[in-house]
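**Q** just coords:
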């Protein structure tokens, strides 16, 4: 296993600068390049700005040198690791890697920070040397706060590359490394975006049929299931409807033909109207929610009624005793309980059918959702909490195909995915395996 001491980051946007900053914090020598050196210099100085600076010790900025693609790309020849973090466009990324390959030294590691483009689409037709040294390192934003990094090898990537990156990311950068397979959106975004896109579709159905509100949906999709307080619509406001629209388009293009998620790649008609009129979320001053600050210092929170298309005062939903947990809501035949059952059963069954396609085991899936989306428990941990029999009985009653990992559990005559206080997990082979550190 090689040691990574020198890092070249290509792209000084939010992600590239964040990666450069955490590497500088760890004592690495960093080269940060972009189209314009002045933009790189500004990005470097911003690393020590704000309430939560990426680099807290200004002296560490000396670890970062800046430059431009035009004048300084040759300097990447000294880098042990070259991390591409430019625009999310496969043709532009391929062009950049084509320029990198003749310059880099033998044994250097190449990665792309793509959040969803299949790695094979980037290296297809590239030299064998590149294909052996390339991987995905998908950091989550903000880089210095979010624990998760998804590490994805290509078909021909050398095992030493993944071993070296895994050690560096986990030990030097103190990240939580999740090992994913080269499938669309990898692990975290594949499941998280399914939950969000499906959730919006099912929530509107519940609003129309049962009178649920956005506030009710967000209350149910937070504390009872151990999700962040933003809930569903609050999280989408934070991410931006433009991002969700593009995610859906990417999924529509790249999901397998028989994937259940294809039903939910498009925004609902009502949400599409918000997108088209530029009502994208916090970045545009309002999306589903809008916070207004008044001259007297007071604040007013409004919610956009997506069925009647007007703003109204927000009315937070107070959870009743029968809405305090996922188990309680699955036993609740009221509208709120039925919505919870609908969205969570759909999400958990979808996830249980993705292993081993997106990951070699359930542990990496659970870690991805805890470290990347802030879930207190991952999907398989939630199934254990709920009781796998509940889902299995639901699948049987609906006449659906049994999700792969639930079928593994049935065939192994087991009732949980974890045992011995989480020290062992059920493998795809139906046997128990030690959970790695």
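**A** Yep, that arrived. It should be emphasised that the depicted structure is a prediction, and the values quoted were computed from it without experimental measurement.

**Q** and this protein, what are its domains?
**A** Using automatic domain parsing, the domains assigned to the chain come out as 6-179, 188-322, 338-434.

**Q** need these in JSON lines with mean pLDDT and mean neighbour count, can you?
**A** Quick note: C-beta positions are derived from backbone N, CA and C, even for glycine. JSON lines is the format used below for these (pLDDT from 0 to 100; neighbours: other C-beta atoms under 10 Å):
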{"stretch": "domain 6-179", "mean pLDDT": "96", "mean neighbour count": "18"}
{"stretch": "domain 188-322", "mean pLDDT": "94", "mean neighbour count": "17"}
{"stretch": "domain 338-434", "mean pLDDT": "97", "mean neighbour count": "18"}
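
**Q** nearest to residue 332, out of the ones you listed?
**A** Among these, domain 188-322 comes nearest to residue 332, with 5.0 Å by C-beta to C-beta.

**Q** endpoints of that closest one, how far apart?
**A** Criterion C-alpha to C-alpha, to the nearest Å; first-to-last residue distance in domain 188-322 is 30 Å.

**Q** tell me how far it lies from the chain's centre.
**A** 17 Å (C-alpha atoms, centre = their mean, to the nearest Å).

**Q** what sits up against stretch 408-416?
**A** Stretch 408-416 is contacted by residues 384, 387, 388, 389, 392, 402, 417, 426, 428, 429, 430, 431 when judged by C-beta atoms under 8 Å, 6 or more residues apart in numbering.

**Q** what helix or strand is the nearest residue to the fifth one once chain neighbours are set aside on?
**A** What it means is residue 392. Closest residue to residue 392 apart from its sequence neighbours, by C-beta to C-beta, 6 or more residues apart in numbering: residue 406 at 5.8 Å. Residue 406 belongs to helix 404-411 when assigned by DSSP states H and E.

**Q** could you point out which element follows that helix?
**A** Toward the C-terminus from helix 404-411 - assigned by DSSP H and E - lies strand 418-419.

**Q** what helices and strands are in contact with that following strand?
**A** helix 379-386, strand 424-426 (3 or more C-beta pairs under 8 Å, 6 or more residues apart in numbering; DSSP states H and E).

**Q** within the sheet, what are the partner strands of the shortest one, with directions?
**A** It stands for strand 424-426. strand 418-419 (antiparallel), strand 432-434 (antiparallel) (DSSP bridges).

**Q** where does residue 137 sit: helix, strand or coil?
**A** strand (DSSP: H, G, I helix; E, B strand; the rest coil).

**Q** list phi and psi for the closest residue to residue 231 other than its chain neighbours.
**A** Leaving aside its chain neighbours, residue 231 sits nearest to residue 218 (2.7 Å; criterion: C-beta to C-beta, 6+ apart). With angles defined as degrees, to the nearest 10, residue 218 sits at phi -70, psi -30.

**Q** what does residue 165 give?
**A** Here residue 165 shows phi and psi, under degrees, to the nearest 10, equal to phi -60, psi -40.

**Q** where's the closest residue to residue 273 other than its chain neighbours relative to residue 165, distance?
**A** With C-beta to C-beta, 6+ apart as the criterion, residue 273 has its nearest non-adjacent residue at 7.4 Å, and that residue is residue 309. Applying C-beta to C-beta, to the nearest Å, the value for residue 309 to residue 165 is 48 Å.

**Q** among the domains of the chain, which is nearest residue 331?
**A** domain 188-322 (7.7 Å).

**Q** what's near enough to touch residue 360?
**A** So residue 360 contacts 179, 181, 428 (C-beta under 8 Å, 6+ apart).

**Q** any chance of those residues in TSV, plus secondary structure?
**A** TSV is the format used below for those (three-state DSSP):
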residue	secondary structure
179	strand
181	coil
428	coil
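
**Q** for these, give me JSON lines that also has distance to residue 291.
**A** Conversion of the contacts of residue 360 to JSON lines gives the following (distance: C-beta to C-beta, whole Å):
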{"residue": "179", "distance to residue 291": "39"}
{"residue": "181", "distance to residue 291": "40"}
{"residue": "428", "distance to residue 291": "46"}
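
**Q** tell me the one of these nearest residue 223?
**A** residue 179 (30.6 Å).

**Q** so that closest one touches residue 364, yeah?
**A** Yes - between residue 179 and residue 364 there is a contact at 5.4 Å, judged by C-beta atoms under 8 Å.

**Q** I figured residue 301 hits residue 289, correct?
**A** Yes - the criterion here is C-beta under 8 Å, and residue 301 meets it with residue 289 at 6.4 Å.

**Q** not counting sequence-adjacent ones, nearest residue to residue 328?
**A** residue 322 (5.3 Å).

**Q** report the secondary structure state of that neighbour.
**A** Assignment for residue 322 (three-state DSSP): helix.

**Q** how far away is it from residue 166?
**A** Taking C-beta to C-beta, one finds residue 322 at 44 Å from residue 166.

**Q** residue furthest from the geometric center of the chain?
**A** Outermost residue of the chain with respect to the C-alpha centroid, by C-alpha atoms, centre = their mean, is residue 296; its distance is 39.1 Å.

**Q** so where does that one fall, helix or strand?
**A** Using DSSP H and E, no helix or strand contains residue 296.

**Q** next up, the contacts around residue 188.
**A** 138, 140, 148, 150, 178, 368, 369, 372, 373 are the contacts of residue 188 under C-beta under 8 Å, 6+ apart.

**Q** so which of these comes closest to residue 190?
**A** residue 368 (9.0 Å).

**Q** enumerate every residue touching that closest one.
**A** By C-beta under 8 Å, 6+ apart, the neighbours of residue 368 are 148, 150, 178, 180, 186, 187, 188, 191, 359, 378.

**Q** how far does the host helix or strand of it sit from the chain's center?
**A** Using DSSP H and E, residue 368 sits in helix 362-373. Between the centre of helix 362-373 and the centre of its chain there are 9 Å (C-alpha atoms, centre = their mean).

**Q** got it, and stretch 398-415?
**A** With C-alpha atoms, centre = their mean, you get 26 Å for stretch 398-415.

**Q** so how far does it reach from one end to the other?
**A** Stretch 398-415: ends 20 Å apart by C-alpha to C-alpha.

**Q** one more: stretch 372-384?
**A** End-to-end distance (C-alpha to C-alpha), stretch 372-384: 20 Å.

**Q** what sits up against it?
**A** 140, 146-148, 150, 178, 188, 191-192, 225-228, 326, 344, 347-348, 351-352, 362, 365-370, 385, 391, 405, 416-418, 425.

**Q** now the contacts of residue 188 in JSON lines, with distance to residue 39?
**A** As requested, the contacts of residue 188 are exported to JSON lines (distance: C-beta to C-beta, whole Å):
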{"residue": "138", "distance to residue 39": "23"}
{"residue": "140", "distance to residue 39": "23"}
{"residue": "148", "distance to residue 39": "27"}
{"residue": "150", "distance to residue 39": "27"}
{"residue": "178", "distance to residue 39": "31"}
{"residue": "368", "distance to residue 39": "32"}
{"residue": "369", "distance to residue 39": "34"}
{"residue": "372", "distance to residue 39": "28"}
{"residue": "373", "distance to residue 39": "31"}
